[in-house]
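1. A structural model of the following input is requested.
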Amino acid sequence: MKTTSLINVMPSNKAQVIDFVKQTKDVIMSGNENPLKIAVQLRALEDVIKQLRTDSQIQDYTLSEAQKESVKTFKVFGAEITIKETGVKYDYSSCNDSELQEMNQELDELKAQIKERETMLKNIGDGFIVNQHGEELTAPLKTSKTGISIRLL
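-> From the prediction side, this is the model:
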């Protein structure tokens, strides 16, 4: 089987995605498929998608194909494709702006102070402590959700 054969049967528009998710969920919830097996396969699929979508050769080739359309936005295969700048970043280190450098240093110091304060609050435990303003400080509320973590071998 060609690797693209699997990709070609996957959903390629919003309606197909909604239907695919619903059908897959129904199969899982009916007990006809092992949910752990599906979870592992989905995790592997996430890796496949990430690697294919971030591959620079594929990105360059895909952009080249899109530029053949001679318009910035066009519709094809049930999707709208737009050629645009992505991931724009600015490097302010070359600006020689001492004010910005000072602000960033103050921000870094403030972030460190906040982290230190949060650590102190987390360590209060079940009781409380009284700060210099007479306020009773208690530990932060902790919420969590139990789930599974999947590491592909």
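2. Quick one: list the elements packing against whichever strand or helix holds Ile49.
-> Ile49 is part of helix 35-54, with elements assigned from DSSP states H and E. Contact here means 3 or more Cβ pairs under 8 Å, 6 or more residues apart in numbering; DSSP states H and E; on that basis helix 35-54 packs against helix 14-29. All C-beta spots, glycine's among them, are computed from the backbone N, C-alpha and C.
3. List the contacts of the helix it packs on.
-> 10-11, 33, 35, 38, 78 (Cβ atoms under 8 Å, 6 or more residues apart in numbering).
4. from the chain's centre, how far out does that helix sit?
-> Relative to its parent chain, helix 14-29 has a centroid offset of 22 Å by Cα atoms, centre = their mean, to the nearest Å.
5. pLDDT on that helix, on average?
-> Regarding helix 14-29, the rounded mean pLDDT is 95.
6. That one relative to helix 35-54, how many degrees between them?
-> Going by axes from the mean of the first three to the mean of the last three Cα atoms, to 10 degrees, helix 14-29 is angled at 150 degrees with respect to helix 35-54.
7. so the residue of the chain most remote from its centre is in which element?
-> The outermost residue of the chain, judged against the average C-alpha position, is Gly134 (41.8 Å), by Cα atoms, centre = their mean. Assigned by DSSP H and E, Gly134 belongs to neither a helix nor a strand.
8. Show me where the protein dips below the pLDDT cut-off.
-> For the chain, residues meeting the criterion pLDDT under 70 lie at 1.
9. can you give me the helices for it?
-> With helices called from DSSP state H, the chain shows them at 3-8, 14-29, 35-54, 56-67, 98-122.
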